[in-house]
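> sequence and predicted structure, then a few things I'm wondering about:
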Amino acid sequence: MAGSLRHFALVGTAVAVTGGVAYAVWRSYFNPQEVPPGPPPPPQQQPLLRAPESAGLGCPAPPGADQDKPASKQILVLGLDGAGKTSVLHSLATNQVKRSTAPTEGFNAVCISTEETKMEFLEIGGSESLRYYWKRYLPRILLLIYVVDSADHARLPVAKKLLHQLVQSSSTLPVMVLANKQDLEGAYCITDIHEALALSELGDERKMFLIGTHVAEDGFEISSSLKDTRELIAQLVSDAL
């Protein structure tokens, strides 16, 4: 693979990047009894993995917000275990870097309010035992964020397969792919990620975004690529509501 563009690519309809984050809340949820270890049992015996009803309640309206606006819909954040989903979400929510080393074994619910809208993010862990549940949340979302480890070349075919399976049932669901860990030696640039994930095969009807990201050292302000990502997400959500 070859390519030099490492930061941002937009496939499909152009969207302006505007707005700023005014408020953020971070919550984590997990009930070990809800997620059985190992492969899931047959579908007729499979318990439904449910996000807590309070997941969206920690997102108060910002001052001066229009109370008549429709309630926010969730943004689903998926990707293989180790892709950096939790670290990216924490950076988007707090504007500060905090790397996460422990895999997500359930849900992370993150709420960010801007002057225009509320954004509710729901991350589901990427281990094999949790991927079974991913599709169950697609009908209720307005945007899918799919995070890949740009330096994990061996698992990109698995990431590609799962992404294509996720979106095949919805030809118009907007998708944002974050080619994460761009700071690592050997990381594929976004043109390589575009090819490895065969993003051109996901259809012409949907809005498709590919952004190169990385999470810097703990305690530092987030990178410009993550700031751009946050503002673009805010614009997409505002346009959709």
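Good, I have the coordinates.
> make it CA atoms for all contacts and neighbour counts henceforth
Will do.
> pretty sure Ile193 contacts Ser150?
Yes - in terms of CA atoms under 8 Å, Ile193 counts as a neighbour of Ser150; the distance is 7.1 Å.
> which neighbours do those two share?
Residues touching both Ile193 and Ser150 (CA atoms under 8 Å, 6 or more residues apart in numbering) are Ala179.
> gap between Ser127 and Leu202?
Remark: distance between Ser127 and Leu202 (CA to CA, to the nearest Å) = 24 Å.
> can you list the weak-confidence ranges in the chain?
1-73, 99-102, 217-219, 241 (pLDDT under 70).
> any idea which helix is longest in it?
In the chain, with assignment by DSSP state H, the single longest helix is helix 224-240.
> buried sites along that helix?
Neighbour-count burial for helix 224-240, counted by 16 or more other CA atoms under 10 Å, picks out 225-238.
> same check, this time on stretch 135-148
Residues of stretch 135-148 classed as buried: Tyr137, Leu138, Ile141, Leu142, Leu143, Leu144, Ile145, Tyr146, Val147, Val148 (neighbour count, 16+ other CA under 10 Å).
> show me the residues you listed that map onto strands.
Per DSSP state E, strands hold the following members of the buried residues of stretch 135-148: Ile141, Leu142, Leu143, Leu144, Ile145, Tyr146, Val147, Val148.
> how about the second one, what does it touch?
So the one you mean is Leu142. Contacts of Leu142 (CA under 8 Å, 6+ apart): Lys73, Gln74, Ile75, Leu173, Pro174, Val237, Ala240.
> could you count how many residues lie near the third one?
The burial count assigned to Ile75 is 24, neighbours taken as other CA atoms under 10 Å.
> can you pull out the helices in this structure?
Going by DSSP H, the chain shows helices at 85-94, 128-131, 156-167, 190-196, 224-240.
> okay if I get the ones you listed as a markdown table plus distance to Leu210?
Formatted as a markdown table, the helices of the chain follow (distance: least, CA to CA, whole Å):
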| stretch | distance to Leu210 |
| --- | --- |
| helix 85-94 | 15 |
| helix 128-131 | 22 |
| helix 156-167 | 13 |
| helix 190-196 | 7 |
| helix 224-240 | 10 |
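> related to what we said a few turns ago, relative to Glu115, which of the contacts of Leu142 is nearest.
Of all those, Glu115 sits closest to Val237, with 12.1 Å by CA to CA.
> my understanding was that the closest one contacts Glu116; is that so?
No - here Val237 lies out of contact with Glu116, judged by CA under 8 Å, at a distance of 9.2 Å.
> my guess is Phe107 contacts Leu130. True?
No - contact criterion CA under 8 Å: Phe107 and Leu130 do not qualify, at 10.1 Å.
> now do the shared contacts for the two.
Ile124.
> please name the bridge partners of Asp149.
Asn180 (DSSP bridges).
> re earlier: closest to Val215 out of the helices of the chain?
helix 85-94 (6.7 Å).
> what's near enough to touch Leu226?
Val88, Ser91, Leu92, Thr213, His214.
> correct me, but the fourth one touches Ser225?
This points to Thr213. Yes - judged on CA under 8 Å, Thr213 makes contact with Ser225 at a distance of 5.7 Å.
> for His153, give me its contacts.
If you count contacts by CA under 8 Å, 6+ apart, then His153 has Tyr188 around it.
> let's see it at 10 Å
Gly186, Ala187, Tyr188, Ile193, Ala196 (CA atoms under 10 Å, 6 or more residues apart in numbering).
> how about Asp81?
Contacts of Asp81 by CA under 10 Å, 6+ apart are 102-105, 124-128, 130-131, 147-149.
> of these, buried ones?
Thr104, Glu105, Ile124, Gly125, Gly126, Ser127, Leu130, Arg131, Val147, Val148, Asp149.
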